[in-house]
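Q: One predicted model, sequence on top.
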Amino acid sequence: MNLDESLVEAEEDENFLSSAEILQQLNEVERLKYVVTSYLRCRIQKIQRHSFFINSLIEKRRSTDSPLVTPEEAKFLQDYISTTKEHFDVLALRRFPPNISTLKPSEVNVSFQMGQSVFIRVLKDSPNVLVEDPGSSMDIDVELREGSRHLLPYKHIADLVKSRNVALL
């Protein structure tokens, strides 16, 4: 069988993909790789920005709770914190007087701002969620329906995130 015969046979085969279809599938694979890479990069940036805060949350959690980070992220977090402490020690803390030459996580802790608004997707119906009305001092009773998306202050939905009734987007 020569090359021409094999090409004709491949074109007659119903499972044969054209070059345009192959390129379309390759583009889709590349797009998915980009989305996953961007998601992971964003998670790492958040871990770096809030490292001491996340570490304090992890230390406070019970072993029965679901983990906040993956084992790989936890290792990265510990390595990042130890590297940061070592960097501050070498760079500046050694030059300070002894009474201020220690690095306390509570003093450098950049915690998440609970009043910051976040996008959420509702996983389970959640009726009667109280949300502060920015125009007045009253609270509004909001019903969150499964599948809906909202922009709400984190402090009002923090418990729903922990109970996995809503997911952060």
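A: Nice, thanks for sending it over.
Q: Confidence-wise, which helix or strand of this protein is lowest on average?
A: helix 105-108 (a mean of 59; mean pLDDT, DSSP states H and E).
Q: Show which residues not belonging to the following helix or strand past that one make contact with it.
A: Going down the chain from helix 105-108, the next helix or strand is strand 117-122, by DSSP states H and E. With contact meaning Cβ atoms under 8 Å, 6 or more residues apart in numbering, strand 117-122 is reached by 144-154, 157, 160-161, 165-169. Any C-beta I mention is one placed from the backbone N, CA and C, and that applies to glycine too.
Q: tell me which residues of strand 117-122 are tucked away?
A: V118, I120, V122 (16 or more other Cβ atoms under 10 Å).
Q: how about a markdown table for the residues you listed, with pLDDT and distance to E72 added?
A: A markdown table is the format used below for those (pLDDT from 0 to 100; distance: Cβ to Cβ, whole Å):
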| residue | pLDDT | distance to E72 |
| --- | --- | --- |
| V118 | 80 | 24 |
| I120 | 84 | 26 |
| V122 | 86 | 29 |
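Q: where does this protein have low pLDDT?
A: Scanning the chain for pLDDT under 70 picks out 1-4, 6-17, 62-64, 101-112, 169.
Q: in stretch 123-140, what counts as buried?
A: S126, V129, V131.
Q: Quick one: list the elements packing against the helix or strand hosting E21.
A: Using DSSP H and E, E21 sits within helix 19-49. Other helices and strands packing on helix 19-49, by 3 or more Cβ pairs under 8 Å, 6 or more residues apart in numbering; DSSP states H and E, are helix 71-91.
Q: Which residues does the helix it packs on contact?
A: Against helix 71-91 from outside (Cβ under 8 Å, 6+ apart): R43, I44, I47, Q48, S51, F52, I54, N55, I58, P67, V69, L103.
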